[in-house]
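Trainee: structure for the following, please:
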Amino acid sequence: MNNFRRRIAAFGMVCLATIGTPLLAQEKTDFKVAWSIYVGWMPWGYAEKAGIVDKWADKYGITIEVTQFNDYVESINQYTAGAYDAVTVTNMDALSIPAVGGVDTTAVIIGDFSAGNDAVILKDKTTLQDIAGQSVNLVQFSVSHYLLARALESVGLAEKDVTAVNTSDPDMVAAFQTPEVMAMVTWNPMVSEIAKLPGATSVFDSSMIPGEIIDMMVVNTDVLAANPDFGKALAGIWYETMAIMVADTPEGAAARTAMGLASGTDLAGFEAQMADTKLFADPAEAVAFTTSPDLKTTMDRVRGFLFNAGLFAPGSASADVVGIEFPDGSVLGDAGFVKLRFTDAYMAAAAAGGL
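Mentor: Next comes the predicted model:
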């Protein structure tokens with residue numbers, strides 16, 4: 001099964017024209033979480049099947065329904081519409097879809113960042129500079145497009161030096177095998193499959209921009225404010241499952257095997273994807289990442305990319321149109337319109353054993 005983590009953000013912007021912003025949330029006991037297939041998000045499906053979700057929900061006297069989506073952007077749109085209280089999403093898409101759409105959203109868990117899962121691949125060429133003048137197949141305005149922009153920048157090129165060709169993610173492997181496709185940007189598991197094909201060379205990958213493509217669990221800010229135990233339960237679920245996932249034990253191997261099968265690969269394939277992912281199994285490490293000044297630098301780059309791509313509201317004068325708040329209370333952009341927030345509170349509680 002191909003994963004749909006990085007679908008075009010613009011689709012979500014179109015959908016927002018027909019959906020409303022949720023009303024202010026109140027205390028409640030039933031919650032819904034949406035997730036989609038990706039190595040860093042497979043723990044949510046495993047936790048649901050293994051009873052870990054119910055264990056932590058019961059601790060706080062709540063219920064949590066965990067639903068897998070095969071279409072990543074649809075999961076974000078459903079969250080944005082208020083049908084779900086939380087969703088797995090990248091940092092870029094959390095900003096470009098719910099936040100830009102006016103839904104106040106808080107990242108409660110920074111689960112990982114891509115450290116090689118996303119790559120620029122050339123056919124019969126071996127250096128990144130060879131991409132100049134090429135047509136590049138990718139999912140436009142996704143993190144693949146962002147990776148391409150960062151790659152070009154690293155060698156003094158710009159997007160005007162290539163031609164982007166929008167390509168659906170399930171079609172990537174087949175497309176690379178056609179004569180006309182000579183350059184591609186995509187993500188795992190497609191990267192691993194394409195790397196085995198004749199003439200394929202990865203010339204740039206996400207390990208070269210560490211910490212910029214971030215995978216998160218986000219919650220509607222109003223829901224979280226009214227129901228902090230929901231955030232605590234999510235953190236408890238995540239770190240208990242991660243401890244199993246990374247353990248060098250029979251239980252850990254069984255968990256990784258199950259996650260691999262659920263994502264369309266085997267144990268070896270799943271562990272290869274894990275090797276290209278910086279997983280934050282230790283909550284203290286996640287806290288350090290979230291409170292680092294580097295996160296502000298990354299989000300400044302991301303919002304600049306989105307603004308230049310025209311993915312903010314029509315007529316926006318600058319990338320400052322939406323405010324992004326960090327754990328220290330500082331804000332990038334409009335402090336009067338903060339719609340994306342990073343908090344270390346729940347991860348810090350996990351690190352301190354306070355869940």
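
Trainee: what residue, apart from its backbone neighbours, is nearest residue 244 spatially?
Mentor: Spatial nearest neighbour of residue 244, excluding adjacent residues (C-beta to C-beta, 6 or more residues apart in numbering): residue 255 at 4.9 Å. Bear in mind the C-beta positions are built from the backbone N, C-alpha and C, glycine included.

Trainee: what's the spacing between the one you found and residue 245?
Mentor: Distance, residue 255 to residue 245, using C-beta to C-beta, to the nearest Å: 5 Å.

Trainee: what segments of the stretch 51-200 of the chain are strands?
Mentor: Per DSSP state E, counting those that start in this stretch, the stretch 51-200 of the chain carries strands over the ranges 63-69, 86-90, 105-114, 118-123, 135-138, 163-166, 183-187, 200-205.

Trainee: make CSV out of the ones you listed and add mean pLDDT.
Mentor: Output for the strands of the stretch 51-200 of the chain, formatted as CSV (pLDDT from 0 to 100):
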stretch, mean pLDDT
strand 63-69, 97
strand 86-90, 96
strand 105-114, 97
strand 118-123, 97
strand 135-138, 97
strand 163-166, 95
strand 183-187, 94
strand 200-205, 98
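
Trainee: closest one to residue 308 among those strands?
Mentor: Each of these was checked against residue 308 via C-beta to C-beta, and the shortest separation belongs to strand 163-166, namely 13.3 Å.

Trainee: hmm, back to that, and the residue nearest to residue 244, that's in a strand?
Mentor: No. Going by DSSP: H, G, I helix; E, B strand; the rest coil, the assignment for residue 255 is helix, not a strand.

Trainee: what is the burial count for it?
Mentor: The local packing of residue 255 (other C-beta atoms under 10 Å) involves 24 other residues.

Trainee: ok, residue 222 next?
Mentor: By the measure other C-beta under 10 Å, the count of residues near residue 222 is 18.

Trainee: okay, it and residue 106: tell me how far apart.
Mentor: Look at residue 222 and residue 106: by C-beta to C-beta, they are 10 Å apart.

Trainee: mean neighbour count added to the strands of the stretch 51-200 of the chain, as JSON lines?
Mentor: Putting the strands of the stretch 51-200 of the chain into JSON lines (neighbours: other C-beta atoms under 10 Å) gives the following:
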{"stretch": "strand 63-69", "mean neighbour count": "18"}
{"stretch": "strand 86-90", "mean neighbour count": "28"}
{"stretch": "strand 105-114", "mean neighbour count": "26"}
{"stretch": "strand 118-123", "mean neighbour count": "25"}
{"stretch": "strand 135-138", "mean neighbour count": "23"}
{"stretch": "strand 163-166", "mean neighbour count": "15"}
{"stretch": "strand 183-187", "mean neighbour count": "27"}
{"stretch": "strand 200-205", "mean neighbour count": "18"}
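
Trainee: for residue 335, find the nearest of those strands.
Mentor: Counting by C-beta to C-beta, residue 335 lies closest to strand 105-114 out of these; the figure is 16.1 Å.

Trainee: what is in contact with residue 255 and residue 245 at once?
Mentor: In the contact map built from C-beta atoms under 8 Å, 6 or more residues apart in numbering, the residues linked to both residue 255 and residue 245 are residue 46.

Trainee: middle-most residue in the chain, spatially?
Mentor: Closest residue to the average C-alpha location of the chain: residue 90 at 2.3 Å, with C-alpha atoms, centre = their mean.

Trainee: roughly how far does that residue sit from residue 251?
Mentor: Taken as C-beta to C-beta, the spacing of residue 90 relative to residue 251 amounts to 29 Å.

Trainee: same question for residue 269.
Mentor: Residue 269 is 20 Å from residue 251, by C-beta to C-beta.

Trainee: burial count for residue 342?
Mentor: 23.

Trainee: tell me where the stretch 201-350 of the chain has strands.
Mentor: Counting by DSSP E, counting those that start in this stretch, the segments of the stretch 201-350 of the chain that form strands are 214-220, 277-279, 323-325, 331-332, 338-342.
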